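1. What follows is a protein structure lacking sequence information:
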């Protein structure tokens, strides 16, 4: 039922790097000089500068003060995913915001796995669940789980049903110098189903899925995948960004045979001779 609570179950299949991965990393303290900025609602890729009406006690724009973005109280949790704001998010019927700041849909197919990021030292597959709408030629789909490969390790993150009435439904996983992943488990409510015509019934168990926020460090310029390719310096967005629903096609080349396999057609994981590393952290 839609009113059931859902919990995000984190099952880590790691052999060595217990010290490297922190599930509940503490937030870093703010620097001595900082300013709070509040992102405008429904706006993306905003460029903000200090206002001229700031108190005289504030450091000047040229004093080297740092800027920090603030969230509302409900989004101040370490495990909050801010959809539609920042590069590296995936929410709902998968709607991605790429490294270039543009938002697009990737529908995939239910009950299949797709490589969303694949690089020499990092590979992330997403398992899609879905609901078939007879009136459409595609499935309604959502990301239910991630299979993450790095070095010789495997990490699984998935949304699962539970009979508990109160549970933590968000998690943050960090691997220093590689990635920072925030995931929230979200159900499809009756209202969601009504508005979007999903056709979800009680038998569907509300299709618990993940809203995700990614941050990557040290990606090479050879990175690929549904989301990964948008971080390349030579990436050219050929989607209709002015469309209400720009859709990335080409699903077959992103299909993986399993949640942990690296056999999609664009796979880069473990490839030798890749040394061009981006200098930015996303």
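-> Arrived safely, thanks for sending. This one's a predicted model, so the numbers in the text were calculated from it and none came from an experiment.

2. just the helices in the stretch 151-282 of the chain please.
-> 190-196 (DSSP state H, counting those that start in this stretch).

3. Show me the shaky parts of it.
-> 161-168, 202-205, 241, 272-282 (pLDDT under 70).

4. and stretch 255-268, how far apart are its ends?
-> 14 Å (CA to CA, to the nearest Å).

5. buried ones in that stretch?
-> 255, 256, 259, 260, 261, 262, 264, 267, 268 (16 or more other CB atoms under 10 Å). Quick note: C-beta positions are derived from backbone N, CA and C, even for glycine.

6. For residue 229, see how far away the fourth one is.
-> Distance, residue 260 to residue 229, using CB to CB, to the nearest Å: 21 Å.

7. Just send the buried residues of stretch 255-268 back as a markdown table, with distance to residue 151 too.
-> Compiled in a markdown table, the buried residues of stretch 255-268 are given as follows (distance: CB to CB, whole Å):
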| residue | distance to residue 151 |
| --- | --- |
| 255 | 24 |
| 256 | 19 |
| 259 | 18 |
| 260 | 13 |
| 261 | 16 |
| 262 | 13 |
| 264 | 19 |
| 267 | 16 |
| 268 | 15 |
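
8. Check those residues and tell me the two furthest apart.
-> 259 and 268 (17.7 Å; CB to CB).

9. For the closest residue to residue 112 other than its chain neighbours, list each beta-bridge partner.
-> Spatially, and ignoring its direct neighbours in sequence, residue 112 is nearest to residue 128 (5.7 Å; CB to CB, 6 or more residues apart in numbering). Under DSSP bridges, the beta-bridge partners of residue 128 are residue 112, residue 143.

10. One more: residue 153?
-> residue 150.

11. Now do it: how many residues are near it, please.
-> Residues within reach of residue 153, counting by other CB atoms under 10 Å, total 16.

12. Repeat that for the one 4 residues further on.
-> Around residue 157 sit 23 other residues, with neighbours defined as other CB under 10 Å.

13. Find the nearest non-adjacent residue to it, please.
-> Distances taken as CB to CB, 6+ apart place residue 146 nearest to residue 157, at 4.6 Å, with adjacent residues excluded.

14. other SSEs contacting the helix or strand harbouring that neighbour?
-> For residue 146, the host element (DSSP states H and E) is strand 139-150. Strand 139-150 makes packing contacts with strand 122-132, strand 153-161, strand 179-186, strand 209-216 when contacts are defined by 3 or more CB pairs under 8 Å, 6 or more residues apart in numbering; DSSP states H and E.

15. Now do that strand against strand 209-216, angle only.
-> 40 degrees (axes from the mean of the first three to the mean of the last three CA atoms, to 10 degrees).

16. let's have the chain start at 82 instead
-> Noted, 82 is the first residue going forward, which turns the last one into strand 220-231.
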